[in-house]
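Chemist: Model the structure of this input:
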Amino acid sequence: MRIAERAMPSITSHLAPEMTLPASPRGARLAGRIFMPSVEGPSVVKLDGRNLLDITHVFPTMRDLCERNDPADALRQASGKPVGVLSDVLANTPPDARDPRKPWLLAPIDLQVIKAAGVTFATSMIERVIEERARGNPQAAISLRAEIGSFIGDDLSRLKAGSPEAMKLKQLLIGKNMWSQYLEVGIGPDAEIFTKAPVLSAVGHGADAGLHRISKWNNPEPEVVIVVSSSGRIIGATLGNDVNLRDVEGRSALLLGKSKDNNASSAIGPFIRFFDDGFTLDDVRRLKLSLSVEGEDGYRLTGGSVMSEISRDPEELVRQMLGPHHQYPDGAVLFLGTLFAPIEDRDVKGQGFTHKLGDIVSVSAPELGRLTNRMAYSDEAEPWTFGISHLMRNLAARKLI
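Modeler: Sure, this is the predicted structure:
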């Protein structure tokens with residue numbers, strides 16, 4: 001691992017259990033993953049108070065737990081061996097503060113495919129159109145934002161994607177030469193569903209999140225991430241930061257892969273909260289996400305996303321992602337998109353917001369806790385070296401499969 005020789009704000013102070021867990025964790029069915037140096041591999045853990053219990057002997061992978069008929073109840077019944085106090089594991093998670101002999105937190109998913117839905121909120125949709133027309137130039141975005149807003153307004157939260165009303169708006173915009181591929185997926189019948197990152201590549205709470213060096217205009221995307229079984233059932237949720245390179249995607253939508261899929265660019269965590277009587281999909285539909293960015297230069301940005309304003313219901317997005325047309329035998333997780341699109345200037349007038357190295361980014365919701373990461377270049381974040389083959393060999397050596 002390479003650590004840049006520059007001053008970085010401490011992330012450890014953001015990783016206390018009370019800042020990590022849901023506001024009312026009692027009764028919440030929370031499961032995650034930690035790396036266990038003693039077995040040179042990951043373990044699935046359940047939260048028991050402030051202790052982590054290893055339940056890998058029951059569920060060798062998180063995928064196995066997610067495939068149960070009632071994962072929340074299966075988690076409740078699972079017995080486990082204490083492997084650490086949550087506060088100790090969290091403190092040992094940042095790469096530059098880690099004792100490699102002790103456990104640290106990982107992203108809470110393993111074999112699930114990492115998918116994302118784009119342009120699911122009106123404000124985000126308008127910003128994607130601006131990115132496309134500005135060709136990655138943040139200064140050009142200012143006049144375009146005013147021009148496009150004069151045609152379509154800034155409140156499309158009541159417009160149902162694919163509805164007759166949406167199709168009328170589509171024809172109006174085509175007539176004014178204002179149509180865009182982002183408007184197509186924002187209000188048209190087909191959602192934008194793409195693969196965010198490879199299986200096992202996500203980073204978790206407390207890790208560095210990656211920015212590609214070529215980007216000069218980028219931002220965090222605070223999102224709810226739903227957990228979906230292979231049958232298409234939504235069984236739980238967690239938090240995500242879908243790191244976005246606005247200038248790269250703005251140059252061409254065909255650069256989406258380069259914009260979205262880089263080392264450490266998919267942050268998920270801290271834990272999966274499984275659905276039960278106390279937390280359901282209806283709660284996800286009402287979630288209010290908060291975001292904060294704290295720079296080592298004293299800069300601070302706050303924002304958020306309100307799930308009630310999403311233009312496509314999570315169940316509709318899952319139907320478009322998984323079904324007779326496409327299967328995921330190990331299940332999937334799906335980023336639901338974001339309402340957040342920062343346009344305030346950070347330094348230079350007309351340049352808008354962009355990350356600086358060392359930014360501490362936190363995505364939170366009272367029901368799901370807080371996901372915090374520190375921004376680094378993708379080639380300076382921890383390299384991804386533990387893939388599917390390594391996981392299978394490790395579990396086999398531990399006689400778990």
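Chemist: any idea how far the residue minimising distance to the centre of the chain lies from residue 163?
Modeler: Taking C-alpha atoms, centre = their mean, the centroid of the chain lies closest to residue 240, which sits 2.1 Å from it. Separation of residue 240 from residue 163 (C-beta to C-beta, to the nearest Å) stands at 28 Å. Backbone N, C-alpha and C define where each C-beta goes, glycine included.
Chemist: tell me the phi and psi of residue 105?
Modeler: phi -80, psi 140 (degrees, to the nearest 10).
Chemist: Tell me, how many residues neighbour residue 169?
Modeler: By the criterion of other C-beta atoms under 10 Å, residue 169 has 17 neighbours.
Chemist: Hmm, I typed the wrong one, I wanted residue 308.
Modeler: Using other C-beta under 10 Å: residue 308 sits among 10 other residues.
Chemist: what's the nearest residue to it if we skip its chain neighbours?
Modeler: Closest residue to residue 308 apart from its sequence neighbours, by C-beta to C-beta, 6 or more residues apart in numbering: residue 286 at 6.0 Å.
Chemist: re the thing from before, same for the host helix or strand of the residue nearest to the centre of the chain, what does it pack against?
Modeler: Assessed by DSSP states H and E, residue 240 sits inside strand 234-242. Packing contacts for strand 234-242, counted by 3 or more C-beta pairs under 8 Å, 6 or more residues apart in numbering; DSSP states H and E, involve helix 71-77, strand 222-228, strand 266-274, helix 314-321, strand 332-335, strand 360-365, strand 369-377.
Chemist: Now that residue 89 has come up, it's in contact with residue 106, right?
Modeler: No. Applying C-beta atoms under 8 Å as the test, residue 89 and residue 106 come out as separate, 10.1 Å apart.
Chemist: Find the residues that touch each one of those two.
Modeler: residue 34 (C-beta atoms under 8 Å, 6 or more residues apart in numbering).
Chemist: what residue ranges in the stretch 301-401 of the chain score low on pLDDT?
Modeler: Under the criterion pLDDT under 70, the flagged ranges of the stretch 301-401 of the chain are 351.
Chemist: Also the chain?
Modeler: In the chain (pLDDT under 70), the answer is 1-9, 122-133, 135-136, 141, 144-145, 147-159, 172-173, 176, 178-179, 351.
Chemist: export stretch 105-115 as CSV, just CAs?
Modeler: Extracted in CSV, the C-alpha atoms of stretch 105-115 (Å, rounded to 0.1, in the frame of the first residue of the first chain):
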residue,chain,number,x,y,z
LEU,A,105,-14.0,-3.6,9.1
LEU,A,106,-14.8,-4.4,5.5
ALA,A,107,-17.7,-3.6,3.2
PRO,A,108,-20.7,-5.6,4.4
ILE,A,109,-21.2,-7.4,1.0
ASP,A,110,-19.2,-10.1,-0.7
LEU,A,111,-20.5,-12.1,-3.7
GLN,A,112,-23.4,-9.8,-4.6
VAL,A,113,-23.1,-7.9,-7.9
ILE,A,114,-22.7,-4.2,-7.3
LYS,A,115,-25.3,-2.3,-9.5
